[in-house]
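# need the 3D shape of this:
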Amino acid sequence: MLTDQAAAQSTPVEPAEPGAEEAAQCTTCLGDDGEVVQKGCCCRGDAGAAHVECLIEEALYACETRNDWSLWWACGVCKDAYTGQVMVKLAEARSTRADALPPDDIERIDAKANLSCAYDGEGRYAESLALDEEVMEHRERLYGPDDPSTLTAAHNLSYSYARLGRYADAERLQREVVAARSRVLGPEHPDTLLARNNLAGTLDDLGQFAAAAEMQRDVLEIRRRVLGPEARGTLVSANDLGLTLRRLGRYDEAVALQRATLATEKRVYGEAHPEALTAAGNLAKTMSFQGRNVEALALHQRVLQLRKEVLGDSHPFTLTSIWCIADVQHCLGDFRQAKKLGAHVVAERERLLGEDHPHTLLAANMLARTLRELGEYTEAETLLDRTLAHQLQKAGERHPETLSVQVSLARVQLDRGVYGPSTALLKGLLESVGEILGEQHPVTLNTATAYGHGLTLLGNPTAAVASLAAAVDGYAAGLGGEHPKALAARVRLAAALADLEAVGDDEASGVAGPSHPLQSAPTAVNETVVEVEEQGGAATASESDAEGVVGGAHERVGEAIEVGQRTLEAARRVLGPDHPTTLEAAHVVAMATVHGGGDPHTAVTLLTPTLAAMERVRGERHPLTLAVASTLGEALSKAGLGDEAVAVLRKTHEAFEAVDAACPLATQSKSSLGAALCQVAAVSRGKSVDEGARLLQEAHKEQTDQLGSHHPATRRTRTRLDAYPWLCAS
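Numbering: from 1, shown residues only. Model prediction:
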């Protein structure tokens, strides 16, 4: 989106080349003394260098001799708008001189409007808003509400509202401006089109993506016809439509439009111009959504390099580039680097924009997701609670970003073992997201994947398989079966299939223990599970969706291994051997092999390098790393390597005790250690069975209380107890 003044201040030609800021000679006075800076316009090399004082003198001379005010904001040679500190210093100089004029003098008001535009360009949004409000008050009082200059002031004020996240105020004022300009100037006047495009941008900010896209497409077609395909307004419209198409999940269409727009902007403006950098960053972001993260990272890094040179390290657009790189690093599995960059962006945005600004909240949500992946659950939950409170106040409970924060929070709670309430929350979120964005939107499918995972953890793999199968099919149809999100959903599906073997087809009759999540959760949780069981699937999965994937329980292990193995091979090829999704796929295959009676030596061979990689990627004490270690211990035990199994499992159990002894994964680790100790005792009659018996009995009681007697994990422990009948009598 553009302010009226910004839209009028640029005639694109070739840009300054990166590195030209070292030009030593001012193009106005030809002197090299003092500070010679780059003007930030499109002049190349030495032609773009000047003293700010000389530019001020040029602007004053043009005003006095030919009544030309444009040199206060645009280069007299290339006609392009100044950017950066040159733009701000010129605007401040003009405003300072105008302060001596009477309060209602036209030049005094225009100078403040010019200064507002300059502050907006530098991310100083609060200062820009204060100036816009002052200008609006003067122009409405002096000229009336329908005067073009008043409408320009109203348009710019609405833009400042949107910048500060006051979207409802922005929409109200923008609709007034669109109506007035259509009436006064006509529906296809450039100013009317500018107002409509900015209104569409605000609708996008409000989560009304379909309405925004329809308006943006209409404005783009008119601008192409009226202004031409290379006009700045036309290119801005194309960029804005590309962003909205991405939010609608129409990635291929968005990339095609963004790639064509970037090619035009590089030809018209040059690579280093702020508009071209915005187009490049938008394209890179959409490529990341397509799963093309390596290409996206390279393009984001190039954009960041140029933005630092052109705009500086703390400009909001520079921070956006850093945030985008952090997001791609997260997608690539480099969580530590993503955390470092994400924390920097959150801190800077809080300082520059405020804790409750929409851009700050967006960065905080991403940082929390990274903290979760690193196992820093308390920090992630604290950050998400704060972010959600701001998001609810700013945007309301049905805004897509609000729903996204809630999904992130539910995922953290699942990881912490709070299965019942978080799964109930995910069910409600799945219904809301599907209603707002559509059942096949990537965000809906992501929520369905999380919901299916929650059902698996709750011990209802039949319903989990239905939800996850629907998500996998949706990803395959929309993004392709090897998209990173699709691969992650396939891993969850394989895990749910493996759990069917442990519970059989009658898990719906399981009895929850006194500490089971269903007992402490709201009534809606029980209704959720009952409803899912009655429907045979998740909210987005019909009964037919589950056909072919939910069958005889004993056939599921083979299917789980097959699905897991295919996913593992694809993940290794697409994501790399150390990507978290690849490692989780390897774990699921090994776990299904161990629990399904397969060759334990195969599982040991697969898990040994997987554990080493998990320790590198997530850390030695991450719960998922410890879960892999626990499964490795089980495999070693079943392979007859009892002493090695006990050593691995004892270390894992101690680590769980130190991290979170109450989480279900810790209890499963205790069960595995108990079984291994009992096996060693059974093989070697000289060793006591007491410790193993105690651990197994403790684990069975805890799992019965936590998860219910029919949960797969509880049943496995019961099977272990049954393997040593004398334990039950002790």
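
# OK, contacts around the nearest residue to residue 134 once chain neighbours are set aside?
Of all residues not flanking residue 134 in the chain, residue 112 sits nearest, at 6.0 Å (C-beta to C-beta, 6 or more residues apart in numbering). Any C-beta I mention is one placed from the backbone N, CA and C, and that applies to glycine too. Residues near residue 112 by C-beta atoms under 8 Å, 6 or more residues apart in numbering: 95, 98, 131, 134, 135.

# close enough to count as contact, residue 695 and residue 672?
No: shown here, residue 695 and residue 672 do not form a contact pair, counting by C-beta atoms under 8 Å, at 9.1 Å.

# tell me which of those two has more neighbours.
Between residue 695 and residue 672, counted using other C-beta atoms under 10 Å, residue 672 has the larger neighbour count: 29 against 23.

# so for that one, what's the pLDDT?
Residue 672 is assigned a pLDDT of 88 by the prediction.

# ok, now how distant is it from residue 378?
With distances taken as C-beta to C-beta, to the nearest Å, residue 672 is found 26 Å from residue 378.

# ok, then the element right after whichever strand or helix holds residue 700?
According to DSSP states H and E, residue 700 maps onto helix 690-707. Once helix 690-707 ends, the next helix or strand along the chain (criterion: DSSP H and E) is helix 712-723.

# that next one - contacts with which helices or strands?
Counting contacts by 3 or more C-beta pairs under 8 Å, 6 or more residues apart in numbering; DSSP states H and E, helix 712-723 is packed against helix 484-503, helix 664-683, helix 690-707, helix 725-729.

# and residue 202, which of the three is it?
Put simply, residue 202 is helix when judged by DSSP: H, G, I helix; E, B strand; the rest coil.

# that one and residue 162 touch, don't they?
Yes: between residue 202 and residue 162 a contact is recorded at 5.3 Å, counting by C-beta under 8 Å.

# run through the stretch 201-350 of the chain and note the low-pLDDT ranges.
Residue ranges of the stretch 201-350 of the chain with pLDDT under 70: none are present.

# my error: substitute the stretch 351-500 of the chain in the last question.
Scanning the stretch 351-500 of the chain residue by residue, none of them satisfies pLDDT under 70.

# how about the helices in it?
Listed in chain order, the helices found in the stretch 351-500 of the chain under DSSP state H, counting those that start in this stretch are 358-373, 377-395, 400-415, 419-437, 442-458, 461-478, 484-503.

# check the offset of the biggest helix by length in the chain from the chain's centre.
Taking DSSP state H as the criterion, the chain has its longest helix at helix 553-574. Its chain's C-alpha centre lies 28 Å from the corresponding centre of helix 553-574 when counted by C-alpha atoms, centre = their mean, to the nearest Å.

# just want the angle from it to helix 461-478.
Counting by axes from the mean of the first three to the mean of the last three C-alpha atoms, to 10 degrees, helix 553-574 lies at 40 degrees to helix 461-478.

# so which elements touch helix 553-574?
When contacts are defined as 3+ C-beta pairs under 8 Å, 6+ apart, helix 553-574 packs onto helix 484-503, helix 580-595.

# any chance of these in a markdown table, with mean neighbour count too?
Compiled in a markdown table, these are given as follows (neighbours: other C-beta atoms under 10 Å):
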| stretch | mean neighbour count |
| --- | --- |
| helix 484-503 | 27 |
| helix 580-595 | 26 |
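
# didn't residue 348 look like it was pressed against residue 318?
No: Residue 348 lies out of contact with residue 318 (C-beta under 8 Å); the separation is 9.2 Å.

# the two: who's more crowded?
For residue 348 versus residue 318, neighbours defined as other C-beta under 10 Å are more numerous around residue 318 (23 against 20).

# the residue nearest to residue 134 belongs to a strand, doesn't it?
No: counting by three-state DSSP, residue 112 falls outside a strand, being helix.

# quick one: it from residue 83, how far?
From residue 112 to residue 83 the distance is 20 Å (C-beta to C-beta).

# got it, and residue 203?
28 Å.

# spatially central residue in the protein, please.
Residue closest to the average C-alpha location in the chain (C-alpha atoms, centre = their mean): residue 366, at 5.3 Å.

# so that one makes contact with residue 330?
Yes: using C-beta under 8 Å, residue 366 makes contact with residue 330 at a distance of 6.9 Å.

# so what sits against both of the two?
Joint contacts of residue 366 and residue 330 (C-beta under 8 Å, 6+ apart) are residue 342.

# make CSV out of the helices and strands packed on helix 712-723 and add distance to residue 421.
As requested, the helices and strands packed on helix 712-723 are arranged in CSV below (distance: least, C-beta to C-beta, whole Å):
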stretch, distance to residue 421
helix 484-503, 20
helix 664-683, 15
helix 690-707, 14
helix 725-729, 34
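
# residue 73: which of the ones you listed is closest?
helix 484-503 (44.3 Å; C-beta to C-beta).

# could you check the angle the closest one makes with helix 553-574?
160 degrees.

# other SSEs contacting helix 484-503?
Under the contact definition 3+ C-beta pairs under 8 Å, 6+ apart, helix 484-503 sits against helix 442-458, helix 461-478, helix 553-574, helix 580-595, helix 712-723.

# now do the SS call for residue 249.
In three-state terms, and counting by three-state DSSP, residue 249 is coil.

# that one and residue 78, how far apart?
Distance from residue 249 to residue 78, by C-beta to C-beta: 40 Å.

# same thing with residue 283?
Residue 283 sits 26 Å away from residue 78, taking C-beta to C-beta as the criterion.

# same question, residue 218
For residue 218, the distance to residue 78 - C-beta to C-beta - is 32 Å.

# ok, those two, which is more surrounded?
Between residue 218 and residue 78, residue 78 has the larger neighbour count (other C-beta under 10 Å), namely 21 against 16.

# so how far is the one helix or strand residue 628 maps to off the chain centroid?
If you go by DSSP H and E, residue 628 is part of helix 623-638. Taking C-alpha atoms, centre = their mean, the mean C-alpha location of helix 623-638 is offset from the chain mean by 31 Å.

# can you redo the contacts of residue 112 as CSV with distance to residue 398?
Below are these laid out as CSV (distance: C-beta to C-beta, whole Å):
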residue, distance to residue 398
95, 42
98, 45
131, 34
134, 35
135, 35
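
# I'd like the helices of the stretch 351-500 of the chain laid out as a markdown table, including distance to residue 295.
Converted to a markdown table, these look like this (distance: least, C-beta to C-beta, whole Å):
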| stretch | distance to residue 295 |
| --- | --- |
| helix 358-373 | 20 |
| helix 377-395 | 29 |
| helix 400-415 | 24 |
| helix 419-437 | 26 |
| helix 442-458 | 19 |
| helix 461-478 | 20 |
| helix 484-503 | 13 |
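
# for residue 580, find the nearest of those.
Of the helices of the stretch 351-500 of the chain, nearest to residue 580 by C-beta to C-beta is helix 358-373, at 7.0 Å.

# just the angle between the closest one and helix 580-595, please?
With the same axes, to 10 degrees as the basis, helix 358-373 and helix 580-595 are set at 30 degrees to each other.

# what's around residue 396, how many residues?
13.

# and what of the one 5 residues further on?
For residue 401, the neighbour count with other C-beta under 10 Å is 17.

# OK, contacts around it?
207, 358, 361, 362, 365, 391, 395 are the contacts of residue 401 under C-beta under 8 Å, 6+ apart.

# give me whichever of the helices and strands packed on helix 484-503 is most buried.
helix 442-458 (a mean of 28; mean count of other C-beta atoms under 10 Å).

# now for it, which elements pack on it?
Applying 3+ C-beta pairs under 8 Å, 6+ apart, we find helix 442-458 packed against helix 400-415, helix 419-437, helix 461-478, helix 484-503, helix 523-535.

# which among the ones you listed is found nearest to residue 125?
When the helices and strands packed on helix 442-458 are compared by C-beta to C-beta, helix 400-415 sits nearest residue 125, at 18.7 Å.
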